[in-house]
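Visitor: pasting the structure only:
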Ligand SMILES: Cc1cc2nc3c(=O)[nH]c(=O)nc-3n(C[C@H](O)[C@H](O)[C@H](O)COP(=O)(O)OP(=O)(O)OC[C@H]3O[C@@H](n4cnc5c(N)ncnc54)[C@H](O)[C@@H]3O)c2cc1C
């Protein structure tokens, strides 16, 4: 049994890990520089699409499918409705996104998505969605009920194998860095290739035009009960916050090409946040200089957070090896 664990970062990855460890009886404290969940995790579109997002990498696809398979039970265990739904995914692109995808055309496609502009699209029934507006607060509350301690407004200033320094005070314990896009700027975490990838999103009033997630060549649509989310840019602009005229234009152009009838929908909100990008889009999870890191989830941190939590807890408590596809060693010269 490990001693107490100190988690750096209270996004979905850190909060899900806190929940997992607290449920396993491990004393755990989460240090969050702002408000738990206020960054990428509550901004995300909430698509759970392991097949579409695997981009042909077999181990990443298998891990994504494992994550999705556990999602419904995990969501139910939180005690709050987080809008989990297996709404399916349509991919309006020429190439099949995955061997499980079925080609829909004509009437079959019109029945599935009456407002779609495309004449053909690939259908995957099992993929899903979750409402990130409520997800992290539900995980945070469940973790706190299980005994995890959250300390907000506290920036971790340095980290080493024996603990962290935050607010000028040392906190001893086994650290796990879950600092999202900020991971590589946490002092003590050297040379990790995690960088911010800004994404801009727009929410419009729900029209019923799409009932499943729709991916196009340059964007996607995500149905929620009360709105449709249109996304998203992928921009390397450092930590520049906010939306831009060009970014919103790109998001709206891509969305309206996919579903022209959305042009009449009222705009409700626009926002942006920073994905924790990794060079190959896969998470970076494992020990770096003696410190456990769980970051770099890129476009799939919502999908992969529960699986990340259980795999990191297994590694900390039972020395179970972490997935090689996520190893930080793949970026070291010998790796
Ligand atoms: C526009 C957009 C759309 C997305 N859509 C999807 C999607 O549809 N499906 C999907 O699966 N994923 C999606 N993602 C990706 C997903 O949001 C991320 O991969 C995931 O939220 C990462 O979680 P995290 O906890 O690592 O990061 P975050 O949620 O960013 O949390 C990291 C936390 O660490 C804190 N922190 C950083 N440094 C310190 C420090 N020194 N001390 C204390 N605290 C610190 C930060 O304040 C922050 O709260 C999307 C992301 C974006 C931006």
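Guide: Looks like it came in fine. This structure is a prediction, so every number in the text was calculated from the model and none was measured.
Visitor: wait, residue 102 touches residue 122, no?
Guide: Yes - counting by Cβ atoms under 8 Å, residue 122 is a contact partner of residue 102 at 6.9 Å. For glycine as for every other residue, the C-beta is placed from the backbone atoms N, C-alpha and C.
Visitor: more neighbours: which of those two?
Guide: Per other Cβ atoms under 10 Å, whichever of residue 102 and residue 122 has more neighbours is residue 122, with 22 against 11.
Visitor: contacts only, for the more buried one.
Guide: Neighbouring residues of residue 122 by Cβ atoms under 8 Å, 6 or more residues apart in numbering: 90, 91, 92, 93, 96, 97, 98, 101, 102, 103, 104.
Visitor: buried sites along the helix or strand where it lies?
Guide: Residue 122 belongs to strand 120-124 when assigned by DSSP states H and E. Going by neighbour count (16 or more other Cβ atoms under 10 Å), the buried part of strand 120-124 is 121, 122, 123, 124.
Visitor: between the residues you listed, which is nearest the ligand?
Guide: Set against the ligand, the nearest of the buried residues of strand 120-124 by Cβ to the nearest ligand atom is residue 124 (14.8 Å).
Visitor: measure that closest one to residue 101 for me?
Guide: According to Cβ to Cβ, to the nearest Å, residue 124 and residue 101 sit 5 Å apart.
Visitor: and the stretch 101-250 of the chain, which residues reach the ligand?
Guide: 155, 156, 178, 179, 180, 181, 182, 186, 199, 201, 231, 232 (Cβ under 6 Å from any ligand atom).
Visitor: in what helix or strand does the residue nearest to the spatial centre of the chain lie?
Guide: Taking Cα atoms, centre = their mean, the centroid of the chain lies closest to residue 301, which sits 2.3 Å from it. Applying DSSP H and E as the criterion places residue 301 in helix 301-318.
Visitor: next, the buried residues of that helix.
Guide: 301-313, 315-317.
Visitor: farthest pair within these?
Guide: The largest separation in the buried residues of helix 301-318, counting by Cβ to Cβ, is between 302 and 317 at 24.4 Å.
Visitor: what's the residue in the stretch 201-335 of the chain that the ligand sits nearest to in contact with, if anything?
Guide: For the stretch 201-335 of the chain, the residue closest to the ligand is residue 301, as judged by Cβ to the nearest ligand atom, at 2.0 Å. By Cβ under 8 Å, 6+ apart, the contact set of residue 301 is 11, 12, 13, 40, 41, 44, 180, 275, 276, 283.
Visitor: ok, and the closest non-adjacent residue to the fifth one?
Guide: Once flanking residues are discounted, residue 41 sits nearest to residue 12: 3.7 Å by Cβ to Cβ, 6 or more residues apart in numbering.
Visitor: surely the one you found and residue 134 touch.
Guide: No - counting by Cβ under 8 Å, residue 134 is not a contact partner of residue 12; they are 11.9 Å apart.
Visitor: residue 150: which of the buried residues of helix 301-318 is nearest?
Guide: Distances from residue 150 to the buried residues of helix 301-318, taken by Cβ to Cβ, are shortest for residue 309, at 15.2 Å.
Visitor: please name the nearest non-neighbouring residue to residue 256.
Guide: In this structure, residue 256 finds its nearest non-sequential neighbour in residue 263, 5.4 Å apart by Cβ to Cβ, 6+ apart.
Visitor: residue 250: which element?
Guide: helix 245-258.
Visitor: who are the packing partners of the helix or strand that that helix is followed by?
Guide: Counting by DSSP H and E, the element after helix 245-258 in chain order, helix or strand, is strand 267-277. Using 3 or more Cβ pairs under 8 Å, 6 or more residues apart in numbering; DSSP states H and E, the elements in contact with strand 267-277 are helix 40-43, strand 195-205.
Visitor: now the longest one: buried residues?
Guide: Going by neighbour count (16+ other Cβ under 10 Å), the buried part of strand 195-205 is 195, 196, 197, 198, 199, 200, 201, 202, 203, 204.
Visitor: what about it, average pLDDT?
Guide: Averaging pLDDT along strand 195-205 gives 98.
Visitor: could you point out which element follows that strand?
Guide: strand 213-215.
Visitor: the residue lying closest to residue 254 once chain neighbours are set aside: neighbouring residues, count only.
Guide: Distance criterion Cβ to Cβ, 6+ apart; nearest residue to residue 254, sequence neighbours excluded, is residue 219 at 2.9 Å. Residue 219 has 22 neighbours, counted by other Cβ under 10 Å.
Visitor: ok, now residue 136?
Guide: For residue 136, the neighbour count with other Cβ under 10 Å is 27.
Visitor: how far away from the center of its chain is the helix or strand hosting it?
Guide: For residue 136, the enclosing helix or strand under DSSP H and E is helix 132-146. Relative to its parent chain, helix 132-146 has a centroid offset of 15 Å by Cα atoms, centre = their mean, to the nearest Å.
Visitor: report the buried residues of whichever helix or strand comes after that helix.
Guide: Where DSSP H and E defines the elements, the next helix or strand beyond helix 132-146 is strand 149-152. Across strand 149-152, burial judged by 16+ other Cβ under 10 Å covers residue 150.
Visitor: can you spell out which helices and strands pack onto whichever helix or strand comes after strand 149-152?
Guide: Going down the chain from strand 149-152, the next helix or strand is strand 156-160, by DSSP H and E. If you count contacts as 3+ Cβ pairs under 8 Å, 6+ apart, strand 156-160 packs onto strand 163-166, strand 174-177.
Visitor: kind regards, and thank you for your time.
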